[in-house]
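Asker: Structure, please.
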Amino acid sequence: MSDTAQEQAPAPLGDAMRPARRVSPLLLRILAVNVMALAILVGGLLYLGNYQDRIIATELKEMSSQARIVASAVAENAIVIDNSNQSILSPLLARMMVRRLAETTENRTRLFSATETLLADSRNLLAGKSSGIQVEDLPAVGDVPVSWGARAIAAVFNVFDLIHERQAYPLYGEQALQRAGHYDVTARALKGEKAMQVWSLARGGLILAVAVPVEHAHRILGAVMMSRSDASIDHAIYAVRINILQIFFITLGVTILLSLYLARGIARPIRQLAQAAEILRRGQSNTMGVSGIANLLRDEAIPDMTARHDEIGDLSGALRALTTALARRISDIENFAADIAHELKNPLTSLRSAVETVERLQDPAAREKLMAIIRDDIDRMTRLITDISSASRLDAELGRAELQPVDIGANLAQMEGYYRVNDGKDGQQPRVVLQATGEGLRVMGVRGRLVQVFQNLLDNALSFSPPDKPVTLSATRIGAGIQVTVEDFGPGIPENKREAIFDRFYTERPKAEKFGTHSGLGLSISKQIIEAHRGRIWAENRKDAAGNILGAKFVVQLPAVLE
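Answerer: Predicted coordinates:
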């Protein structure tokens, strides 16, 4: 492929850096949730349907009280006696009384006689007065705003008014020659009832009306009808809504500021963690070898937010721990691969040298000796590959395995019986002795792998102990854990090698043992299994009072099952 083609080749999808966002989606969600809740609350307040109905009921009740006062005043001061000695309403006195009383109220007051004739109308009476006072219907609320902002607010209010449909009130109509029978309320008032009525106007709005009878000496002489438009109601609702909107915008500003603060405390650190992980991924994929591992192991690779003491702090700590564990795992894999290459190189070199030499030898004895070396090298490579395969599958197997209660005491007793049967023949002393086991020696783990650890420790101890000396095995309960010890009478462990013996491919075998018999992975695999069970394993020397080494001691500690 040419250089030009390589330059034009697109980068893999997985390596593409995500574009930086100008606005955090999490911030938008926080704002949406907070503002939506506030908007629903304010919308419910602006609805004001029931509030409007209560105002109408209050207005009608107030008008009814005023109408009764006017009716009482007319009954006391506008009554005359006719030729038949009957009490009737005087049209002149009634008009004077209605005009005087109507001056103190915004209501339109009409007085009808018992014969349904209109005797007085405050609109006409006040309009014809020399003072020039005019009484007109107040404009509907839609006519009040004049600025574009007020019109916009009124449009919003109209939406809420559409949601709250007013009752289907009858349409108000007024005849040129008015009679009491034209209005249901006055007709009912002439029958002695106190009536209320709400009409709708063709141009929008409502007319509220009440009617009460004018009674004198238990006779109904007429009816007083009071009416007014709902402009005052709309103005009251408009004022309440304006106050609600003012509070809404103040609260909205506070909500936005709090949302920004909340998003800054949540979205920003999460974005920082995501960016750090992305940079780390790209850096690791583009940097090979030790420098790549060093990049993962840097303390500042993932921001430390654990001081927050909240979920984001926990996430930061978990990511840092995960990164460190991943770096160590990758480092272990690299070291493992290097160790494998080193360990396989020796038998391959020896095998190659023997193969090249055997072709030139003519002596059958020398050729047989070289063939034995070749067989030993092949066996050694077979053992190495088998142990390497077992070690490489160990983590995956332990990760998938289901932990079950394992009785350590019973398993150690079975192992002792196995060695007793195989080593205690012909009257010889058994080489493995189980000293003591206590109660409650149960752990959660994989039985087969734990047995592998103890068998490995026993085989290792037996290989170093003299044939006439036993290997002692014991298990005891110590606090919340179980401790298993394997003791031998071998030469012990060099003090500077007590940790190194658990390294991969480390071998320090007895001099009498044939070279290459062990791969050096046994103790390393044992440590890996114990640590996977959240336990510890270490080695120390057994010494007498004078400080002389009596042998080696391997100790395994595992967490016990809580009974």
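
Asker: just checking, residue 267 touches residue 31?
Answerer: No: applying Cβ atoms under 8 Å, one finds residue 267 not in contact with residue 31, separated by 10.9 Å. C-beta: built from backbone N, CA, C; applies to glycine.

Asker: Tell me how many other residues surround residue 384.
Answerer: 20 (other Cβ atoms under 10 Å).

Asker: Revised request: answer the last question for residue 65.
Answerer: For residue 65, using other Cβ under 10 Å, the count is 11.

Asker: Which of the helices or strands spans it?
Answerer: In the assignment (DSSP states H and E), residue 65 maps to helix 49-77.

Asker: Checking my notes, residue 213 in a strand, right?
Answerer: Yes: membership of residue 213 in a strand is supported by DSSP: H, G, I helix; E, B strand; the rest coil.

Asker: Now residue 111. Nearest residue, chain neighbours left out?
Answerer: By the measure of Cβ to Cβ, 6 or more residues apart in numbering, the closest residue to residue 111 outside its immediate chain neighbours is residue 120, 4.2 Å from it.

Asker: got a pLDDT number for that neighbour?
Answerer: At residue 120, the model reports a pLDDT of 91.

Asker: May I have the secondary structure class of it?
Answerer: Secondary structure, three-state DSSP: residue 120 is strand.

Asker: Could you pull up the contacting residues of it?
Answerer: The contact partners of residue 120, taken as Cβ atoms under 8 Å, 6 or more residues apart in numbering, are 91, 94-95, 97-99, 109-111.

Asker: and the two most separated of those?
Answerer: 91 and 109 (14.8 Å; Cβ to Cβ).

Asker: Tell me how far the residue nearest to residue 111 lies from residue 351.
Answerer: Distance of residue 120 to residue 351, given as Cβ to Cβ, to the nearest Å: 132 Å.

Asker: With residue 358 instead?
Answerer: 11 Å.

Asker: shared neighbours of these two, which are they?
Answerer: By Cβ under 8 Å, 6+ apart, the residues touching both residue 358 and residue 351 are residue 374.

Asker: count of residues packed around the closest residue to residue 209 other than its chain neighbours?
Answerer: Leaving aside its sequence neighbours, residue 209 sits nearest to residue 227 (Cβ to Cβ, 6+ apart; 4.0 Å). Residue 227 has 23 neighbouring residues, counting by other Cβ under 10 Å.

Asker: May I see the buried residues of the strand or helix carrying residue 227?
Answerer: Element membership for residue 227 (DSSP H and E) is strand 219-229. Neighbour-count burial for strand 219-229, counted by 16 or more other Cβ atoms under 10 Å, picks out 221-229.

Asker: Stretch 485-500 too?
Answerer: For stretch 485-500, burial by neighbour count (16+ other Cβ under 10 Å) applies to 485-490, 492-493.

Asker: so, if you compare these, which one comes nearest to residue 452?
Answerer: residue 486 (13.7 Å).

Asker: Please name the bridge partners of the closest one.
Answerer: residue 473, residue 554 (DSSP bridges).

Asker: coming back round to it: is it possible to export the buried residues of stretch 485-500 to JSON lines including distance to residue 450 and pLDDT?
Answerer: Below are the buried residues of stretch 485-500 laid out as JSON lines (distance: Cβ to Cβ, whole Å; pLDDT from 0 to 100):
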{"residue": "485", "distance to residue 450": "15", "pLDDT": "91"}
{"residue": "486", "distance to residue 450": "13", "pLDDT": "92"}
{"residue": "487", "distance to residue 450": "19", "pLDDT": "91"}
{"residue": "488", "distance to residue 450": "20", "pLDDT": "89"}
{"residue": "489", "distance to residue 450": "25", "pLDDT": "88"}
{"residue": "490", "distance to residue 450": "24", "pLDDT": "86"}
{"residue": "492", "distance to residue 450": "26", "pLDDT": "86"}
{"residue": "493", "distance to residue 450": "23", "pLDDT": "86"}
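
Asker: nearest to residue 256, of those residues?
Answerer: residue 485 (66.7 Å).

Asker: Does that closest one touch residue 557 like I think?
Answerer: No: in terms of Cβ under 8 Å, residue 485 does not count as a neighbour of residue 557; the distance is 9.8 Å.

Asker: on that earlier part again, quick check: mean pLDDT of the helix holding residue 65?
Answerer: 85.

Asker: With stretch 504-512 instead?
Answerer: Mean pLDDT, stretch 504-512: 61.

Asker: Could you do stretch 220-232 as well?
Answerer: 86.

Asker: Now do the strands in the stretch 351-500 of the chain.
Answerer: Here the stretch 351-500 of the chain has its strands, by DSSP state E, counting those that start in this stretch, at 404-407, 432-437, 442-445, 471-478, 481-487.

Asker: mind checking which of those is nearest residue 174?
Answerer: Closest to residue 174 of those is strand 442-445 (Cβ to Cβ; 92.9 Å).

Asker: So what's the gap between that closest one and the chain middle?
Answerer: Offset of strand 442-445 from its chain centre (Cα atoms, centre = their mean, to the nearest Å): 35 Å.

Asker: If I take the strand holding residue 227 and helix 49-77, what angle do their directions form?
Answerer: Orientation check (axes from the mean of the first three to the mean of the last three Cα atoms, to 10 degrees): strand 219-229 against helix 49-77 gives 140 degrees.

Asker: Strand 219-229 - contacts with which helices or strands?
Answerer: Secondary-structure packing of strand 219-229 (3 or more Cβ pairs under 8 Å, 6 or more residues apart in numbering; DSSP states H and E): helix 49-77, strand 87-89, strand 108-113, helix 184-189, strand 206-216.

Asker: partners of the last one, with directions?
Answerer: Spelled out, that is strand 206-216. Paired neighbours of strand 206-216 in the sheet (DSSP bridges): strand 195-200 (antiparallel), strand 219-229 (antiparallel).

Asker: Ok, which of those comes nearest residue 413?
Answerer: Closest to residue 413 of the strands paired with strand 206-216 is strand 195-200 (Cβ to Cβ; 97.4 Å).

Asker: Pull out the buried residues from that closest one.
Answerer: 195-200.

Asker: quick check, residue 192 in a strand?
Answerer: No: with three-state DSSP as the criterion, residue 192 is located in coil rather than a strand.

Asker: so what secondary structure elements neighbour the helix or strand hosting residue 248?
Answerer: Using DSSP H and E, residue 248 sits within helix 231-286. Contacts defined by 3+ Cβ pairs under 8 Å, 6+ apart place helix 231-286 against helix 25-47, helix 49-77, helix 148-163, helix 290-297, helix 311-358.

Asker: and the second one, how far out from the chain's middle?
Answerer: Here helix 49-77 shows a centroid-to-chain-centroid distance of 57 Å under the convention Cα atoms, centre = their mean.
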